[in-house]
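In: the amino acid sequence is not available; the structure is as follows:
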């Protein structure tokens, strides 16, 4: 019954990468915590780099500066 | 003052369905919990089926398999 | 497969009220949206009034002022 | 290490406004709480007015009524 | 820079299980997505079974019925 | 109508610090975005250091190692 919400910047993650992430996180919850995979939900949110800030700046600005 | 976040797969929910859901959830919080509707917020997020996993697979893949 | 997160202030909601809220929200998603209740998850979070702000003030402070 | 999630209605917030908000919230966490800005993350989510409800109605409907 | 929020029912997860889950999810984001582990945050929330509903019932009630 | 969720580690934040944070974030949304403070909600969640991971480790473990 776990619910996992993964927020990442929108950077061209492929369908295959997202499938691997869903499978991998579900397996961890089954193997480490003994959770039931059939009711384990994983939701991935891809966020525009203008809307993601770290260190007081947007990721867009940081990348323009070469970080 | 409650805050309700509803995440569903993006499956063509209509504006009318979303209005009914907002009204219904707000009424439940007023009737069951005695909350003030004027400060009850309901936010609906519609998530691409590639980004929603259950049972270790994306909803896209499950549907292709006929589940 | 919907996931619903309800945040309310910690104000002595009873187990019965929470059961009614879980049942009610699940029914809305089934009746309005055609969702499957067996994979509809509702999580209620009760938040200390010191940690909930509205109008720029905590709920604790607002109540002390009689609002 | 704080994580801040800001949900607002999608109303044409500019890139500059979002940068100011990211900078401002990060500064508050540094100045008030002594947090490290380099690991302070701020994520802004802009939500369609059909999907945001308050007072039991969507923001779209409220605005049509002139509220 | 990913942010992962894992919600599970409060069922006696040990400190060691939580450490394994944090390490495992971080590794997946590094290996599958190429993310930087130093800014990957994982937050685990343990929710009382009275506050977690599935199938329209709280987990507490389901367990009393033997499900 | 914004909703702000701030997650921090549970480290003895005082009631006064939390009031300042609520006031400060609300002011930013009013001043930068023109939002209405009366419907701006700020919710602070304080998370046990065993349940917060960064760099693949819990904050508890990092602090024991002197980081």
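Out: Structure received. Given the structure is predicted, the values throughout are model-derived calculations rather than measurements.
In: okay, the closest residue to chain C within chain A: pLDDT?
Out: For chain A and chain C, the shortest gap (C-beta to the nearest C-beta) falls at residue A:3, measuring 5.4 Å. The C-beta positions use only the backbone N, C-alpha and C, and glycine is treated the same way. With respect to pLDDT, residue A:3 scores 98.
In: check contacts around it.
Out: Residues in contact with residue A:3 (C-beta atoms under 8 Å, 6 or more residues apart in numbering or on different chains) are A:41, A:43, C:3, C:41, C:43, E:6-7.
In: same question, residue A:38
Out: Contacts of residue A:38 (C-beta under 8 Å, 6+ apart): B:54-55.
In: at 10 Å instead, please
Out: With contacts defined as C-beta atoms under 10 Å, 6 or more residues apart in numbering or on different chains, residue A:38 is in contact with A:1, A:26, B:54-56, C:38-39.
In: include secondary structure when you put the residues you listed into CSV, please.
Out: Listed next are those as CSV, based on DSSP: H, G, I helix; E, B strand; the rest coil:
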residue, secondary structure
A:1, coil
A:26, helix
B:54, strand
B:55, coil
B:56, coil
C:38, helix
C:39, helix
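In: chain D contacts on chain A?
Out: Proximity of chain A to chain D (C-beta under 10 Å from any C-beta of the partner chain) is limited to residues A:7, A:9, A:45, A:47-48, A:50-61.
In: how much space separates the residue of chain A closest to chain C from residue B:13?
Out: Distance, residue A:3 to residue B:13, by C-beta to C-beta, to the nearest Å: 20 Å.
In: just checking, residue A:26 touches residue B:57?
Out: Yes: counting by C-beta atoms under 10 Å, residue A:26 touches residue B:57, with 8.4 Å between them.
In: among the two, which residue is more densely surrounded?
Out: Between residue A:26 and residue B:57, counted using other C-beta atoms under 10 Å in any protein chain shown, the more crowded position is residue A:26 (23 against 20).
In: tally up the residues packed near the closest residue to that one other than its chain neighbours, please.
Out: Excluding its sequence neighbours, the residue lying closest to residue A:26 (C-beta to C-beta, 6 or more residues apart in numbering or on different chains) is residue B:56, at 3.9 Å. Residues lying near residue B:56 (other C-beta under 10 Å) number 20.
In: isn't residue B:56 up against residue A:35?
Out: No: at 11.1 Å, residue B:56 does not count as touching residue A:35 under the criterion of C-beta under 10 Å.
In: mutual contacts of those two, please.
Out: With contacts defined as C-beta under 10 Å, 6+ apart, the residues shared by residue B:56 and residue A:35 are A:26, A:29.
In: can you name the residue of chain A nearest chain B?
Out: residue A:22 (3.2 Å).
In: for that residue, give me its contacts.
Out: Contact analysis of residue A:22 by C-beta under 10 Å, 6+ apart lists A:4, A:6, A:40-44, B:50-59, B:61, E:28.
In: tell me the spacing between it and residue A:52.
Out: 21 Å.
In: what residues are shared contacts of residue A:26 and residue B:57?
Out: Taking C-beta under 10 Å, 6+ apart as the contact rule, residue A:26 and residue B:57 both touch A:37, A:42.
In: tell me which helix or strand the nearest residue to residue A:57 once chain neighbours are set aside sits in.
Out: Spatial nearest neighbour of residue A:57, excluding adjacent residues (C-beta to C-beta, 6+ apart): residue D:22 at 6.6 Å. According to DSSP states H and E, residue D:22 maps onto helix D:15-33.
In: what distance separates the following helix or strand past that helix from the centre of its chain?
Out: Using DSSP H and E, the helix or strand that follows helix D:15-33 in sequence is strand D:41-47. Using C-alpha atoms, centre = their mean, to the nearest Å, the distance from the centre of strand D:41-47 to the centre of the chain it belongs to is 6 Å.
In: buried set for strand D:41-47?
Out: For strand D:41-47, the neighbour count (16 or more other C-beta atoms under 10 Å in any protein chain shown) marks D:41-45, D:47 as buried.
In: what average pLDDT does that strand get?
Out: Averaging pLDDT along strand D:41-47 gives 98.
In: do the same with stretch A:6-20
Out: Mean per-residue pLDDT for stretch A:6-20: 97.
In: for the residue nearest to the spatial centre of chain A, list the residues it contacts.
Out: Most central in chain A under C-alpha atoms, centre = their mean is residue A:6, positioned 3.3 Å from the mean C-alpha point. Counting by C-beta under 10 Å, 6+ apart, residue A:6 touches A:18, A:21-22, A:25, A:42-46, B:51, B:53, E:2-6, E:25, E:28-29, E:33, E:42.
In: can you do 7 Å?
Out: Listed by C-beta atoms under 7 Å, 6 or more residues apart in numbering or on different chains, the contact set of residue A:6 reads A:21, A:42, A:44, E:2, E:4.
In: distance-wise, check the first one relative to chain E.
Out: So that's residue A:21. To chain E, residue A:21 is 5 Å away according to C-beta to the nearest C-beta, to the nearest Å.
In: quick check: the gap between the nearest residue to that residue once chain neighbours are set aside and residue D:52.
Out: Once flanking residues are discounted, residue A:21 sits nearest to residue E:32: 5.4 Å by C-beta to C-beta, 6+ apart. Using C-beta to C-beta, one gets 33 Å for the distance from residue E:32 to residue D:52.
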